[in-house]
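Undergrad: sequence and predicted structure, then a few things I'm wondering about:
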Amino acid sequence: MFSRLPCVLIASLITLTAGAALAQPKAASGASGTSGTYPTKPIRLIVPFSPGGTNDVLARMIAQHLTQTFGQSVIVDNRAGGEGLIGTEIAVKAPPDGYTLLLVSSAYVMNPAVRKMPYDSIKAMDFIAKLGASFTVLSTGPSLPVNNLKDLLAAAKSRPGELVLTTSGGFQYFASALFASLSKHEFNIVLYKGAVPAMIDVIGGQAHVTFAVSVPALPHLRSGKLKGLATGTLKRTELLPDIPTLDESGIKGYDASNWYAIATAAGTPPAVIAKLHNEIERYFKLPEVQKQVTTLGAVLDLKSPEEMRKFIPAEIAKWTRVAIDTRMPRTVD
């Protein structure tokens with residue numbers, strides 16, 4: 001579901017994070033319930049996916065910065081499984097004191113559409129900040145001679161159910177289903193075990209179209225092996241400024257970006273949430289950090305806790321409707 005990033009970048013971030021953690025002084029005394037004294041002990045930052053993805057790299061960037069700023073170690077803890085459910089449930093059950101954080105992605109709002117949840121997805125977490133989102137590109141290969149979205153939809157209309165749209169599970173599957181629903185055209189959506197194999201078959205001509213994930217897709221889009229027709233975000237990305245969005249290409253309202261946010265257990269003191277939000281927002285507004293986020297294939301989109309309280313229910317409702325409209329099974333792996 002998530003792109004793998006260069007090993008050198010990951011190793012560098014892990015080394016920097018660990019080094020910063022070891023260099024920090026011992027916790028000062030004091031209560032942990034107010035922003036003035038928080039934190040007084042190490043913080044755990046859970047990533048509910050395997051190391052190496054965009055989620056993991058963003059978490060390590062934040063952990064390194066907060067470790068240096070707060071003078072307390074922020075330790076990244078990867079707990080993969082169940083499209084994020086295993087790690088998320090650990091964070092939901094943690095004490096609401098700000099010492100267990102969670103790197104959340106779109107899976108958080110998509111899971112309720114196809115699974116029976118062990119927690120209330122709207123009430124279980126207090127969201128500290130939305131960070132940004134990675135993008136997908138609706139792309140074709142040599143097996144389909146089309147130049148834009150209009151051409152693709154014309155081909156789909158002339159061959160209903162024949163064009164193979166490759167996808168992996170989770171976010172990419174939802175993105176594909178939303179496209180089929182809003183375009184009102186029938187595609188043969190074929191599930192693969194990963195986003196990269198789904199893309200490779202389109203490049204090789206064994207399939208017709210895919211929602212290519214930003215980081216692994218960029219070299220192929222730039223070399224011409226993949227032809228990008230439109231991006232899945234509402235705004236064009238500066239990495240591919242000449243490729244229009246699906247929204248401006250005629251699929252109005254299409255927005256399927258895999259977003260990332262920081263959350264903690266519901267009931268955490270507002271002063272702690274505010275302190276974390278302010279520091280994370282300040283960090284991501286630094287020009288050098290914004291540049292690093294762009295190189296990850298992501299678009300910066302900061303949101304406050306107040307904005308996230310409206311955003312999460314709206315996202316859950318949106319993807320639940322997509323699941324119903326496209327008759328998704330109750331479990332999507």
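TA: Arrived safely, thanks for sending.
Undergrad: hey, let's count contacts and neighbours off CA atoms from now on
TA: Will do.
Undergrad: what stretches of the protein score poorly on pLDDT?
TA: Scanning the chain for pLDDT under 70 picks out the ranges 1-36, 332-333.
Undergrad: do you know how far the closest residue in space to P42 that isn't next to it in sequence is from T167?
TA: Nearest non-adjacent residue to P42, counting by CA to CA, 6 or more residues apart in numbering: S73, 4.7 Å away. S73 sits 38 Å away from T167, going by CA to CA, to the nearest Å.
Undergrad: K93 too?
TA: Here K93 is placed at a distance of 33 Å from T167 (CA to CA).
Undergrad: could you do L149 as well?
TA: 18 Å.
Undergrad: the strand or helix carrying E248 - contacts with which helices or strands?
TA: If you go by DSSP states H and E, E248 is part of helix 246-249. For helix 246-249, the packing partners by 3 or more CA pairs under 8 Å, 6 or more residues apart in numbering; DSSP states H and E come out as helix 149-158, strand 227-231.
Undergrad: quick check: buried residues in the longest helix seen in the chain?
TA: Secondary structure assigned by DSSP state H gives helix 305-325 as the longest helix of the chain. Buried residues in helix 305-325, defined by neighbour count with 16 or more other CA atoms under 10 Å: 305, 308-309, 312, 316, 319-320, 322-323.
Undergrad: so which of those residues comes closest to L286?
TA: Of all these, L286 sits closest to P305, with 20.1 Å by CA to CA.
Undergrad: contacting residues for that closest one?
TA: Applying CA atoms under 8 Å, 6 or more residues apart in numbering to P305 gives the contacts 126-129, 277.
Undergrad: would you format those as TSV with secondary structure and distance to A256 included?
TA: Shown next, in TSV, are the contacts of P305 (DSSP: H, G, I helix; E, B strand; the rest coil; distance: CA to CA, whole Å):
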residue	secondary structure	distance to A256
D126	strand	23
F127	strand	20
I128	strand	22
A129	strand	19
H277	helix	25
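Undergrad: what's the closest of those to R222?
TA: A129 (32.7 Å).
Undergrad: burial measure for the closest one, as a count.
TA: Applying the criterion other CA atoms under 10 Å, we find 26 residues in the vicinity of A129.
Undergrad: before we move on, what about the one 3 residues further on?
TA: Burial of G132 is recorded as 22 neighbouring residues (other CA under 10 Å).
Undergrad: same question for A155.
TA: A155 is flanked by 17 other residues according to other CA under 10 Å.
Undergrad: tell me how far G98 lies from I43.
TA: From G98 to I43 the distance is 8 Å (CA to CA).
Undergrad: who has more neighbours, those two?
TA: Set G98 next to I43 and count neighbours by other CA under 10 Å: G98 wins out with 26 against 19.
Undergrad: OK, contacts around the more buried one?
TA: Going by CA under 8 Å, 6+ apart, G98 touches 43, 264-265, 268-269, 272-273.
Undergrad: same thing but at 10 Å, please
TA: For G98, the contacting residues are 32-33, 38-39, 43-45, 126, 263-270, 272-273, 276, by CA atoms under 10 Å, 6 or more residues apart in numbering.
Undergrad: now swap in L85 and tell me
TA: Counting by CA under 10 Å, 6+ apart, L85 touches 48-49, 79, 91, 107-108, 111, 117-119.
Undergrad: phi, psi of it?
TA: Backbone geometry at L85, expressed as degrees, to the nearest 10, gives phi -70, psi -40.
Undergrad: name the residues of the helix holding E248 that are buried.
TA: 246-247, 249.
Undergrad: circling back: which one of the contacts of L85 is nearest M328?
TA: Nearest to M328 among those is N111, at 11.7 Å by CA to CA.
Undergrad: wait, that closest one touches M117, no?
TA: Yes. Counting by CA atoms under 10 Å, M117 is a contact partner of N111 at 7.6 Å.
Undergrad: neighbour count winner among the two?
TA: Applying other CA under 10 Å to N111 and M117 shows that N111 carries more neighbours, namely 25 against 12.
Undergrad: if I look at the more buried one, how far off is D201?
TA: Counting by CA to CA, the gap from N111 to D201 is 27 Å.
Undergrad: assumed K225 was part of a helix.
TA: No. K225: not assigned to a helix; according to DSSP: H, G, I helix; E, B strand; the rest coil it is coil.
Undergrad: which residues touch it?
TA: 139-142, 200, 202-204, 217, 219 are the contacts of K225 under CA under 10 Å, 6+ apart.
Undergrad: could those be laid out in CSV, adding distance to T54 and secondary structure?
TA: Shown next, in CSV, are the contacts of K225 (distance: CA to CA, whole Å; DSSP: H, G, I helix; E, B strand; the rest coil):
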residue, distance to T54, secondary structure
S139, 21, strand
T140, 24, strand
G141, 25, coil
P142, 29, coil
I200, 20, helix
V202, 23, helix
I203, 23, helix
G204, 26, coil
A217, 14, helix
P219, 17, helix
